[in-house]
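Colleague: Only the shape, not the letters, is given here:
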Ligand SMILES: [Zn+2]
Ligand SMILES: [Zn+2]
């Protein structure tokens, strides 16, 4: 099972969030059928989003979206997580692959940011059920994701942090995946900070450490000499979980015209809608597809979609349609 731990060290001067995401990243790999390089990028991003949710969010319904885009063959990777431990995500090009780096590691930075290291990292906080989403972004510094998140936290949040993320794969799939964020909070003792930095430098690869020790043992190692205190005696379970539904799949089909939808029914007997986020396919039969027409209002002259039940107003009463006809919506 994947899980998350929170703790403090140095008498509250250092905040610690850590996650073992091995099972959920393996779940993501099989859902999206990603290459090893794409799996590593997706796993680091899913884990990073889960850790960030515990750093940036306050309310249980809020969510954080971590999106990286770059010039490399992956195109981009996105993950969306909340304090409930649910995360979902995908890569733009799950087939992307690059030769390993000279040190034998997967070239995640090259696959995401390309040889010139170009791209950006964006963090969007959505406050449910009301309140506008808040977004901020930084340029990628390496595309290796952990380092990019550390830069984001320093520049955008003014929090100096060490971020460790890793995904270790063998031919069978994901063997270890996890992440740790260590944050220096205002007022932290200088000596404690120096000790923490030395511990992090001496620590090495996270997934190597995860293969020999438990996550809790690793945190004690990272916080050696700093009196680590675990705040979560019961680890928070983490899982890959999407929020897609038949209703959202129907929303996707609503962008087609009624004629196009009738053609799908005539030619295929229905429509399959695959969710980007989780890779799950839904089959929508003729009766379900035809309910769309019941809930939408189109221009009688040109067929432009004016309004659909349950959606924010697309075209307002009194505006003019693309064809020039004044819009009239039912009360
Ligand atoms: Zn989904
Ligand atoms: Zn029109």
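Modeller: Everything's here; your move. This is a predicted model, so every value here is computed, not measured. Ligands and ions are numbered 1, 2, ... in the order given.
Colleague: can we go C-alpha only for contacts and neighbour counts from here?
Modeller: OK.
Colleague: Do I have it right that residue 226 meets residue 12?
Modeller: No - contact criterion C-alpha atoms under 8 Å: residue 226 and residue 12 do not qualify, at 10.0 Å.
Colleague: so which strand or helix has residue 53?
Modeller: Per DSSP states H and E, residue 53 falls inside helix 36-56.
Colleague: and the direction of the next helix or strand after that helix versus that of helix 36-56, what angle?
Modeller: Remark: after helix 36-56, the chain's next helix or strand is strand 63-70, criterion DSSP H and E. Using axes from the mean of the first three to the mean of the last three C-alpha atoms, to 10 degrees, the inter-axis angle of strand 63-70 relative to helix 36-56 is 140 degrees.
Colleague: list the contacts for the residue nearest to residue 244 when sequence neighbours are not counted?
Modeller: Distances taken as C-alpha to C-alpha, 6 or more residues apart in numbering place residue 275 nearest to residue 244, at 7.0 Å, with adjacent residues excluded. The contact partners of residue 275, by C-alpha atoms under 8 Å, 6 or more residues apart in numbering, come to 244, 249, 281.
Colleague: and if you look at residue 128?
Modeller: 61-63.
Colleague: most surrounded residue in those?
Modeller: Compared across these, residue 63 has the highest neighbour count, 26 neighbours, by other C-alpha atoms under 10 Å.
Colleague: Any idea how many residues pack against the nearest residue to it once chain neighbours are set aside?
Modeller: Spatial nearest neighbour of residue 63, excluding adjacent residues (C-alpha to C-alpha, 6+ apart): residue 82 at 4.6 Å. For residue 82, the neighbour count with other C-alpha under 10 Å is 25.
Colleague: Residue 224 against residue 199, yeah?
Modeller: Yes - Residue 224 is in contact with residue 199 according to C-alpha under 8 Å; the separation is 7.2 Å.
Colleague: just to revisit the earlier point, how far away is the residue nearest to residue 244 from ligand 1?
Modeller: 5 Å (C-alpha to the ion, to the nearest Å).
Colleague: Repeat that for residue 79.
Modeller: 12 Å.
Colleague: Can you tell me the element that residue falls in?
Modeller: Secondary structure assignment for residue 79, by DSSP H and E: strand 76-82.
Colleague: What about residue 324, how many residues nearby?
Modeller: 10.
Colleague: per-residue pLDDT, the residue nearest to residue 33 when sequence neighbours are not counted?
Modeller: Spatially, and ignoring its direct neighbours in sequence, residue 33 is nearest to residue 94 (6.8 Å; C-alpha to C-alpha, 6+ apart). Listed pLDDT for residue 94 reads 97.
Colleague: OK, contacts around residue 94?
Modeller: Counting by C-alpha under 8 Å, 6+ apart, residue 94 has contacts 32-35, 38-39, 74.
Colleague: Show me which residues of the protein sit near ligand 2.
Modeller: Contact residues (C-alpha under 5 Å from the ion) of the chain with ligand 2: 299, 302, 321, 323.
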